[in-house]
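In: This is the structure alone, sequence omitted:
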């Protein structure tokens, strides 16, 4: 079977959605309301072709002057004037009336110019005003068909931008030209919780496979268009197959006493949730997990939506951990992103890129409850994101900890609250305050360890300045000071009580 001739757009993230490009000679109808980015996307398509792929191109304008286009393009780092001097790009500023006449002529000067410079791409900005009325008795559909035929004669791959105001928001609009065009791409600006998000949808594209659905994109200063695949879209099959984890290699926790009750630590590729109310030591435990990796020469990564990097470094110092030293050694990377108006597709793309480049063995997310409060735990948004995150980490065989704030102070009715994600995780460790007499004491329970034997016994913990978290033995050295947890029952309920018979000492070892 002959290799297909695909035109790569060169637009970051778009070619992935188009399976490496668009069949050469296709006519692309680019639909969108004012401000959605049609001019930027079409211009970048021609620019990338001329600059990166040796394919000269034309940009046809009716309203935006060439001077403004050149000025705006410079803000993205595109030197259109240099390409014009090299005869790799030509900007044509004309009127709709003149362009209409061009459509009616067999010997079009526009297409003649394209042939003369060897153009392979063309962008026409604003065809709706040309095709919206009859011209010399010809229907708009006939005019569009004439334009398409002319472009195909010259084997030009064309983007034709059309303003479709009804595409703002969730409405859809079918244009008569869509059936003639080979590829249809819709741009939208959507309001989500008082924020505005740009999205791109490939409605159709003849002759090849493409990824459906609405994908986020941004217009980035100094770069141009950046498209982010939607979190739910299918990745390579190797990511799903990676769920079969290594059942021999374990990653130690770095918390004294915790390895003993987790069978030596967590499996590579496993997912662990540390669930508990604020203040029980989830972040401290996560810091020790990261520091243990650095001590062993393993790369470790922490994503935080709750604390900025300087604050994480400061807090780690209080338990004897010098993260700055490990960052300088290249063994630890700390990432913070403010949770306000988080765009999940862009954020997931950022995580993918860092994991692929940094290649960590250990990863911490602090915390998934903050994701839930921004994405909505009851809808599909959070579940789709978390499912994709788990699959990504399993593919790269990282041992990953997700901190989760369970808001129940005393007692737990569910392990993960309203998130209902326990089926997706391998391990769940519950951390909670336990009120005995007039004191709060810290308890830890290994509630779930997939492919591991688990006793589900609640162990007492303590956090010591300069040392961090540690799990205490079941028999305390001085039981006269305070009775150990082994003397109580109902520790995870709201009313722990003394056991009538604490049993023999060996039972509590």
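Out: That came through, no problem. Bear in mind that the values here come from a model prediction, so they are computed numbers and not experimental data. Numbers count the residues shown, from 1 in each chain.
In: Show me the shaky parts of the stretch 1-150 of the chain.
Out: Applying pLDDT under 70 to the stretch 1-150 of the chain picks out residues 1-3, 103-104, 106, 129-141, 143.
In: Also the stretch 351-500 of the chain?
Out: Using pLDDT under 70, the stretch 351-500 of the chain drops low at 376-379, 407-420, 475-481, 492-495.
In: how about the strands in it?
Out: Taking DSSP state E, counting those that start in this stretch as the criterion, the stretch 351-500 of the chain carries its strands at 362-366, 399-405, 427-436, 439-449, 458-464, 468-471, 488-489, 497-498.
In: between these, which gets nearest to residue 421?
Out: In terms of CB to CB, the element of the strands of the stretch 351-500 of the chain nearest to residue 421 is strand 399-405, at 8.5 Å. (Glycine included, C-beta is placed from N, CA and C.)
In: what's the angle from that closest one to strand 427-436?
Out: Angle, strand 399-405 to strand 427-436, by axes from the mean of the first three to the mean of the last three CA atoms, to 10 degrees: 40 degrees.
In: which residues sit against strand 399-405?
Out: Residues from elsewhere that reach strand 399-405, judged by CB atoms under 8 Å, 6 or more residues apart in numbering: 251, 265-278, 282-283, 285-286, 289, 361-369, 390, 393, 416-417, 419, 425.
In: how big is the angle separating it from strand 362-366?
Out: 10 degrees.
In: Pairing partners for strand 399-405, with directions?
Out: strand 271-276 (parallel), strand 362-366 (parallel) (DSSP bridges).
In: can I get those strands in CSV with distance to residue 207 and mean neighbour count?
Out: Shown next, in CSV, are these (distance: least, CB to CB, whole Å; neighbours: other CB atoms under 10 Å):
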stretch, distance to residue 207, mean neighbour count
strand 271-276, 40, 27
strand 362-366, 40, 26
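In: Serialize the ones you listed to a markdown table and add fields for distance to residue 447.
Out: A markdown table is the format used below for the strands paired with strand 399-405 (distance: least, CB to CB, whole Å):
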| stretch | distance to residue 447 |
| --- | --- |
| strand 271-276 | 8 |
| strand 362-366 | 19 |
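In: can you list the strands of the stretch 351-500 of the chain in a markdown table and add distance to residue 334?
Out: Shown next, in a markdown table, are those (distance: least, CB to CB, whole Å):
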| stretch | distance to residue 334 |
| --- | --- |
| strand 362-366 | 10 |
| strand 399-405 | 14 |
| strand 427-436 | 22 |
| strand 439-449 | 25 |
| strand 458-464 | 21 |
| strand 468-471 | 17 |
| strand 488-489 | 38 |
| strand 497-498 | 43 |
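In: what's the closest of those to residue 220?
Out: Of all the strands of the stretch 351-500 of the chain, strand 362-366 comes closest under CB to CB, at 25.1 Å.
In: Next, the distance between the ends of stretch 455-473.
Out: 15 Å (CA to CA, to the nearest Å).
In: What lies in contact with that stretch?
Out: Contacts of stretch 455-473 (CB under 8 Å, 6+ apart): 255-258, 260-261, 281, 284-285, 287-288, 318-321, 431, 434, 441-447, 474, 476, 484-485, 491-492, 509.
In: mind giving me the domain split of the chain?
Out: Domain segmentation of the chain under automatic domain parsing yields 6-228, 237-508.
In: pretty sure residue 381 contacts residue 373?
Out: No - assessed by CB atoms under 8 Å, residue 381 is found out of contact with residue 373, at 11.6 Å.
In: okay, the two: which has more neighbours?
Out: residue 381 (18 against 14; other CB atoms under 10 Å).
In: Check the gap between that one and residue 285 for me.
Out: Between residue 381 and residue 285 the distance is 28 Å, computed by CB to CB, to the nearest Å.
In: what's the answer for residue 9, then?
Out: Distance from residue 9 to residue 285, by CB to CB: 46 Å.
In: Need phi/psi at the nearest residue to residue 34 once chain neighbours are set aside.
Out: Closest residue in space to residue 34, ignoring its immediate chain neighbours: residue 163 at 6.6 Å, by CB to CB, 6 or more residues apart in numbering. Backbone torsions for residue 163, taken as degrees, to the nearest 10, come to phi -80, psi 130.
In: now residue 163, which residues is it bridged with?
Out: Going by DSSP bridges, residue 163 is paired in beta bridges with residue 32.
In: wait, is residue 290 part of a helix?
Out: Yes - according to DSSP: H, G, I helix; E, B strand; the rest coil, residue 290 belongs to a helix.
In: That one reaches residue 331, doesn't it?
Out: No - counting by CB under 8 Å, residue 290 stays clear of residue 331, with 9.2 Å between them.
In: Contacts only, for the residue minimising distance to the centre of the chain.
Out: The residue lying closest to the centre of the chain (CA atoms, centre = their mean) is residue 348, at 1.4 Å. The contact partners of residue 348, taken as CB under 8 Å, 6+ apart, are 228, 231, 385, 388, 389.
In: Looking at these, which is nearest residue 146?
Out: residue 228 (37.1 Å).
In: Go ahead and confirm the closest one touches residue 353.
Out: No - shown here, residue 228 and residue 353 do not form a contact pair, counting by CB under 8 Å, at 10.6 Å.
In: Comparing these two, which residue is more hemmed in?
Out: residue 228 (24 against 10).
In: how near is that one to residue 327?
Out: Counting by CB to CB, the gap from residue 228 to residue 327 is 27 Å.
In: what sits up against the strand or helix carrying residue 226?
Out: Element membership for residue 226, per DSSP states H and E: strand 224-228. Outside strand 224-228, the residues within contact range by CB under 8 Å, 6+ apart are 11-14, 16-17, 37, 40-41, 44, 76-78, 200, 215-220, 343, 345-346, 348-349.
In: again with stretch 264-271
Out: 242-243, 245-247, 249-253, 259, 272, 361, 390, 393-394, 397-402, 424-427, 450-451.
In: Quick check: buried residues in it?
Out: 265, 266, 267, 268, 269, 270, 271 (16 or more other CB atoms under 10 Å).
In: what do you get for stretch 210-217?
Out: Quick answer for stretch 210-217 (16+ other CB under 10 Å): 214, 215, 216, 217.
In: These in strands, which ones?
Out: Judged by DSSP state E, those include 214, 215, 216, 217 as members of strands.
In: Measure how buried the closest residue to the first one other than its chain neighbours is and give me the count.
Out: Leaving aside its chain neighbours, residue 214 sits nearest to residue 199 (4.3 Å; criterion: CB to CB, 6+ apart). Residue 199 is flanked by 21 other residues according to other CB under 10 Å.
In: Would you agree residue 199 is in contact with residue 188?
Out: Yes - the criterion here is CB under 8 Å, and residue 199 meets it with residue 188 at 4.8 Å.
In: Quickly list what's touching both of those two.
Out: Going by CB under 8 Å, 6+ apart, residues that sit against residue 199 and also against residue 188 are residue 214.
In: picking that back up, how close does the residue nearest to residue 214 sit to residue 216?
Out: 6 Å.
In: for residue 464, same thing?
Out: 45 Å.
In: Which positions within stretch 385-398 qualify as buried?
Out: In stretch 385-398, counting by 16+ other CB under 10 Å, buried: 385-386, 388-398.
In: oh sorry, the question was meant for stretch 435-450
Out: Neighbour-count burial for stretch 435-450 [16+ other CB under 10 Å]: 436, 441, 442, 443, 444, 445, 446, 447, 448, 449.
In: Is the second one bridged to anything, and to what?
Out: Spelled out, that is residue 441. residue 434.
In: which residues touch it?
Out: 433, 434, 435, 460, 482, 485.
In: Just the buried ones from those?
Out: By 16+ other CB under 10 Å, the contacts of residue 441 give 434, 460, 485 as buried.
In: Serialize these to CSV and add fields for distance to residue 205.
Out: Below are these laid out as CSV (distance: CB to CB, whole Å):
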residue, distance to residue 205
434, 59
460, 61
485, 62
